[in-house]
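J.: pasting a predicted model and its sequence here:
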Amino acid sequence: MGEFVGIDPGRADQLIQQMEAGKRVLASTRPGLEAAIDEAREAWTGQQGVIVMHRSWAFFDENQRDLKWRIDTIRRMVPSGAQGLVTVFFTFATESEAAQQGKRDAATISEALKRHDVETTVESWHKVADALAATGEKVDDPAYAAALLGALGPDTFRATFMHWMRDKGPAVMQRGVPPGTLEQAQDTLGLLARAYSSAGGAGRLGDEWREKLVETTEPSVLTSLLTLAKQSGTFLNQVATRLLSRHLAAESSAGQNWNLNALVEAYDADPQPLQSLLAENKQVAGWLLHPGRFRTTGISGFEERLAGVLDKALKPGAGVADLRDRAWLNLINGLGAEDTPWIGGQWGTFKDSPVSRTLAENVTPYLDQLARGQAKLSSPDLVTLHPTPPWDNLDPSVASRFMGALMQDKAAASALMMASHDYTVGLDIGRFRPFGDESTQAEYTSRTALAGGLANLVLSGSTQAEWSDDEYAEWLADTMTLPIDWLSNKYWPINDPTTATVRDKGLDDTKNVFKDMITGYFDEKTPENARKVADQIAVQQARLVFESLEQYGQKPLTIYQQDEVRMAFRGRLYNGLVDALEKRGG
């Protein structure tokens, strides 16, 4: 048992900063003071020159380093998030003592490994294992860990893992080590992994460890480090980039992909680095969510676990808002790319996909930006409706393909439809009569443009949905009623039960008319082409406005106003509806 230490890490950090500020003052003052003393010579009236200043700087520096070592160590030894005074027993009395012991233990490990290279026997490996086990709890001391790793060097560190893995078969080297197998190495290689985490977390590793090790080490070794000990977010993202950037052919061999499983498990325990990686690397979303990767792991329940990790990193309010926004933008660009494997690829459709459902449920906060991108296409002069940065760089066709990729799953499509309905209702278009004063009409036009933009977005995406014609006709009819939700709020008050019943029946009747038109087209019961059917639906939408105004005693619209309403419906949704009908076929 070593020294008993009690520290309040928060107050200690503050003291370190104060000592650093003192060092800066002394360092900036010293040159001028030394020059003044040199110039004055015998006339200098000070008693001790700059000796005291040198000693003060050295005192601050020495105690600052000692205190930082103690804080780094104690944070490794106490539960994460502990507040106030924390107490532990330190293995070493000083940082230098810890470093010296780390070098000695590294020499023992290196010597045992050299003998094993020659003898390659079970007994020689046991001596390596004994030397590793002897490091014990000392690895939680960052100074010890850094000295241990520094003396071993990256090559010996890597070789120790490789010797152990070679005995587990070629599949382990290619696809990673199963968690159960790694558990057997917790008291040996696990200690090396903890040492790497300890030294890396305290910023005590050089470039040869932080970058070159990731670039030159087998992925199975890197993912073993993730499983055996919690590593820093920086290292986790480095490993993810190395692993996910590999060509899919590198992971095409039969067997379970424990490398990818280890990566997802690490992000499950610490999702913030994943949010950062998705935000900062424009390609990683496409790499991670390529169906040829995440649907071929051979590990039961993997897709559900991946969905859970994405939920933690991307759900509203998760992590840092700016990072989350950029992560979503990169994800939409990745899944909605022109050659996306999510649509029409060799991997089939994504029905019953927990990943699709998770993304559909969490994309809701960004529907406004996606709707603005579509509205910009039909109303380019309404600059106040244009998407804001960084969404203004998103290609609307990419957004449509992204929606289509998700909507292949019925549950995801339903979630998107519900969110679209909520968004449209939230616009509260009914507060603004189509033909009022200039400002009122501007609000009405802006809100209907956004509602139409979102309807067009889901219309475009819906062409990828794997539904029966009847299901699709029902869905299209629902979509075509979205932009007229304002009518029920404005002219059919919801607080009157009788009126509400009439209102609901009127909307249902209208939807049924739309559905009959679409079903007739799908079943080839009508000679009309897609454009004629779309025209008829636009006419029906406008007719609902005219009839309801008359029914509730509102001021009738002039023929010019009627034409404007009719063309507004046609202009907002016509192209999207025609495209949807033609792609499904008549």
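T.: Arrived safely.
J.: which ones are touching A106?
T.: By C-beta atoms under 8 Å, 6 or more residues apart in numbering, the residues touching A106 are A147, L148, L149, G150, A151, L152. C-beta here means a position set from N, CA and C on the backbone, and glycine is covered the same way.
J.: can you tell me the helix or strand for the first one?
T.: Spelled out, that is A147. Using DSSP states H and E, A147 sits in helix 142-166.
J.: same question for the following helix or strand past that helix: list its buried residues.
T.: Per DSSP H and E, the first helix or strand lying C-terminal to helix 142-166 is helix 170-175. Residues A171, V172, M173, Q174, R175 are the ones in helix 170-175 that count as buried (16 or more other C-beta atoms under 10 Å).
J.: distance to G298 and pLDDT for those residues - can I get that in a markdown table?
T.: Formatted as a markdown table, the buried residues of helix 170-175 follow (distance: C-beta to C-beta, whole Å; pLDDT from 0 to 100):
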| residue | distance to G298 | pLDDT |
| --- | --- | --- |
| A171 | 11 | 82 |
| V172 | 14 | 85 |
| M173 | 16 | 83 |
| Q174 | 13 | 84 |
| R175 | 9 | 89 |
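J.: picking that back up, most neighbours among the contacts of A106, which one is it?
T.: Comparing the contacts of A106 on neighbour count, L148 comes out first with 30 neighbours (neighbours: other C-beta atoms under 10 Å).
J.: how close does I37 sit to T121?
T.: Note on I37: its distance to T121, by C-beta to C-beta, to the nearest Å, is 69 Å.
J.: quick one: mean pLDDT for stretch 178-185?
T.: Taken as a whole, stretch 178-185 has a mean pLDDT of 92.
J.: check which helix or strand covers the closest residue to G136 other than its chain neighbours.
T.: With C-beta to C-beta, 6 or more residues apart in numbering as the criterion, G136 has its nearest non-adjacent residue at 7.0 Å, and that residue is L191. Remark: L191 resides in helix 189-201, with elements defined by DSSP H and E.
J.: picking up where we left off before, of I37 and T121, who's got more company?
T.: I37 (14 against 11).
J.: check the secondary structure at that one for me.
T.: Classification of I37 using DSSP: H, G, I helix; E, B strand; the rest coil returns helix.
J.: quick one: it and P31, what's the gap?
T.: Taking C-beta to C-beta, one finds I37 at 11 Å from P31.
J.: closest one to T156 out of the buried residues of helix 170-175, please.
T.: Within those, the smallest distance to T156 is 18.7 Å, found for M173 (C-beta to C-beta).
J.: that closest one is in contact with H163, isn't it?
T.: No. Contact status for M173 versus H163: not in contact, 11.9 Å apart, counting by C-beta atoms under 8 Å.
J.: which stretches in the stretch 1-150 of the chain count as strands?
T.: 3-7, 86-90 (DSSP state E, counting those that start in this stretch).
J.: stretch 517-527 - what's its average pLDDT?
T.: On average, stretch 517-527 scores 66.
J.: and if you look at stretch 290-300?
T.: Mean predicted confidence for stretch 290-300 is 90.
J.: so what touches it?
T.: 244, 248, 251-252, 254-258, 260-261, 287-288, 302-303, 306, 341-342, 345, 347, 350, 355.
J.: got the CA positions of it in CSV?
T.: C-alpha atoms of stretch 290-300 as CSV (Å, rounded to 0.1, in the frame of the first residue of the first chain):
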residue,chain,number,x,y,z
HIS,A,290,-23.2,0.8,-46.1
PRO,A,291,-25.4,-2.2,-46.1
GLY,A,292,-22.6,-4.4,-47.2
ARG,A,293,-20.9,-3.6,-43.9
PHE,A,294,-23.5,-3.4,-41.2
ARG,A,295,-25.8,-6.1,-42.6
THR,A,296,-23.1,-8.7,-43.1
THR,A,297,-21.6,-8.9,-39.6
GLY,A,298,-23.0,-12.3,-38.9
ILE,A,299,-23.6,-11.2,-35.3
SER,A,300,-27.1,-11.6,-33.8
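J.: hang on, the earlier thing: show the buried residues in the contacts of stretch 290-300.
T.: Looks like the contacts of stretch 290-300 have 244, 251, 256-258, 260-261, 287-288, 302-303, 306, 341-342, 350, 355 buried, using 16+ other C-beta under 10 Å.
J.: lowest-confidence entry in these?
T.: Within those, pLDDT is lowest for E251, at 65.
J.: right, I'll leave it there.
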